[in-house]
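Visitor: what's the 3D shape of this:
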Amino acid sequence: PAGPRVAGPAPGAGLPSALRSPLLVSDRADAAGRAPGEPAVLAGPGTGIRLLLPARAPFDGAGVLAFLGTRAIPGVELAGPGTYARTLRLPHGSATVELSLAGTADAPQLACTARLVSLDDLAPLVSRVRRLLDLDADAQAIDRALSADPRLAEAVRATPGIRLPGSMDPEETLFRALFGQQVSVASARTALTRLCAELGEALPLALPATATPPVTPTLPARAPAPASGAEPAPGLDRLFPTAERIAADGHRVLRGPARRIAAILGVAEALATGELALSTADSRESLTGKLTALPGIGPWTAGYVAMRVLGSPDILLTSDLALRQGAARLGLPADPRALAAHGGSWAPWRSYAGMHLWRAAGLPGPAAA
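Guide: Numbering: from 1, shown residues only. Got it, this is the predicted structure:
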């Protein structure tokens, strides 16, 4: 994204050189008879690989993983202390990814174990993981700027390197935000669990006993070797529903206020028909404009999606009840207008300040007003 926040790497940047090529192939023919040099697209078993991804220090990895874990949807996601795993769609097929903390405080890293149908998807996967955990944020500059406010300085000292959770899939993030309107995180998770159980596609990443041996590239010493046939974490068996499926069958699954159901179905239809398109390449103004033009989407939802999908660093959701409660606990104004005025001094890092306010409220993330 444009602006003072350090932009994420181009797809494939930061990968070991052996993994940065457009196509990774085995040095021998596989069991299906593919000759050396042919595309490494595995229609059945998939390929397991492990990587260590560096993060800029300081890195509040535990905090961002806790944020994701609190919202984990059974079947689609799994979470534990310092770990997070999920299924996802990539350009060439489905995948699973498991993340855990590694490295040291001075040189933090993220251990990433992935299983891919196609190794062509490795670079896009790494790019999405880096965005999801905000690995490339200039944490020192952000902490230094926010610490200039005496009322925020103690929170920054308590949690150095706080991160802005990103998004693996813009459409999924929008649906999750819609389900989170006017309800608690727990209530939204319950509704999303039902949605995914009913409409989510079964993970088409079968792992039979006769699986093709994984591709084994030559890696630098700092990167672990590919996983030897490692299967996805038990319990990851579904993909988040597509907009097309929600548009077609959401009416029989969705529960709650009629206006919220209508908003979710309307968004699903707009995405399915192409009337609405979301991209990490959108500008903040373009994305929020497209969203608020749709019935049932207001400034809170549009701002929250912009923060997650675009990594917009300078959004303060002053209408959020939990954020205002956290502000009051830090001795900051709790009135939306007064908080917005005071927060002007936090620019261009108001999104990160908001994460500190949510943390001060004793919650791992936002709850819509």
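
Visitor: and residue 133, what does it touch?
Guide: By CB atoms under 8 Å, 6 or more residues apart in numbering, residue 133 lies in contact with 55, 61, 64, 65, 99, 110, 163, 165, 166. Yep, even glycine has a C-beta here, placed from its N, CA and C like the rest.

Visitor: shaky segments in the stretch 151-300 of the chain?
Guide: Low-confidence segments of the stretch 151-300 of the chain (pLDDT under 70): 205-234.

Visitor: with the stretch 1-150 of the chain instead?
Guide: 1-45.

Visitor: can you show me the strands along it?
Guide: 47-54, 77-80, 83-90, 93-103, 108-116 (DSSP state E, counting those that start in this stretch).

Visitor: can you redo those strands as JSON lines with distance to residue 291?
Guide: Formatted as JSON lines, the strands of the stretch 1-150 of the chain follow (distance: least, CB to CB, whole Å):
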{"stretch": "strand 47-54", "distance to residue 291": "30"}
{"stretch": "strand 77-80", "distance to residue 291": "24"}
{"stretch": "strand 83-90", "distance to residue 291": "22"}
{"stretch": "strand 93-103", "distance to residue 291": "27"}
{"stretch": "strand 108-116", "distance to residue 291": "30"}
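
Visitor: so which of those gets nearest residue 238?
Guide: Residue 238 lies closest to strand 83-90 among these, at 6.6 Å (CB to CB).

Visitor: quick check: angle from that closest one to strand 93-103?
Guide: Strand 83-90 runs at 150 degrees relative to strand 93-103, counting by axes from the mean of the first three to the mean of the last three CA atoms, to 10 degrees.

Visitor: okay, now the sheet partners of strand 83-90, with direction.
Guide: Partners of strand 83-90 in the sheet, by DSSP bridges, are strand 77-80 (antiparallel), strand 93-103 (antiparallel).

Visitor: highest mean neighbour count out of those strands?
Guide: Greatest average neighbour count among those goes to strand 93-103 (a mean of 20), per mean count of other CB atoms under 10 Å.

Visitor: what's the angle between it and strand 108-116?
Guide: Calculated by the same axes, to 10 degrees, strand 93-103 forms an angle of 160 degrees with strand 108-116.

Visitor: still on that earlier bit, ok, which of the strands paired with strand 83-90 comes nearest residue 120?
Guide: Closest among the strands paired with strand 83-90, once you apply CB to CB, is strand 93-103, at 9.0 Å.

Visitor: contacts for that closest one, please.
Guide: By CB under 8 Å, 6+ apart, the surrounding residues in contact with strand 93-103 are 41, 46, 52, 54-55, 61-62, 65, 82-89, 108-118, 121, 125, 129, 133, 203-205, 232-233, 236, 239.

Visitor: now, of the residues you listed, which are buried?
Guide: Buried by 16 or more other CB atoms under 10 Å: 41, 46, 54-55, 61, 65, 84-89, 108-118, 121, 125, 129, 133, 203, 205, 232-233, 236, 239, out of the contacts of strand 93-103.

Visitor: hmm, back to that, tell me which of the strands of the stretch 1-150 of the chain sits nearest to residue 174.
Guide: Here strand 83-90 is closest among the strands of the stretch 1-150 of the chain (CB to CB), at 15.1 Å.

Visitor: residues in contact with that closest one?
Guide: 65, 68-69, 72, 76-79, 94-100, 116-118, 121, 124-125, 128, 168-169, 203, 232-233, 236-240.

Visitor: how about the residue most central in space within the chain, what does it touch?
Guide: Taking CA atoms, centre = their mean as the criterion, residue 167 is the residue nearest the geometric centre of the chain, at 2.9 Å. When contacts are counted by CB under 8 Å, 6+ apart, residue 167 touches 131, 132, 173, 280, 308, 309.

Visitor: surely the last one and residue 171 touch.
Guide: Okay, so that is residue 309. No - Residue 309 is not in contact with residue 171 according to CB atoms under 8 Å; the separation is 9.4 Å.

Visitor: related to what we said a few turns ago, in three-state terms, label the closest residue to the residue nearest to the centre of the chain other than its chain neighbours for me.
Guide: Excluding the flanking residues, the one nearest residue 167 by CB to CB, 6 or more residues apart in numbering is residue 173, at 4.2 Å. Using DSSP: H, G, I helix; E, B strand; the rest coil, the structure places residue 173 in helix.

Visitor: ok, now how distant is residue 173 from residue 339?
Guide: Distance from residue 173 to residue 339, counting by CB to CB, to the nearest Å: 25 Å.

Visitor: likewise residue 325?
Guide: From residue 325 across to residue 339, the span is 11 Å (CB to CB).

Visitor: now residue 141
Guide: For residue 141, the distance to residue 339 (CB to CB) stands at 23 Å.

Visitor: more neighbours, those two?
Guide: The residue with more neighbours, out of residue 141 and residue 339, is residue 339; 19 against 14, by other CB atoms under 10 Å.

Visitor: surely that one touches residue 324?
Guide: Yes - using CB under 8 Å, residue 339 is in contact with residue 324, at 6.5 Å.

Visitor: show me which residues of stretch 294-304 are buried.
Guide: For stretch 294-304, burial by neighbour count (16+ other CB under 10 Å) applies to 294, 296, 297, 300, 301, 302, 303, 304.
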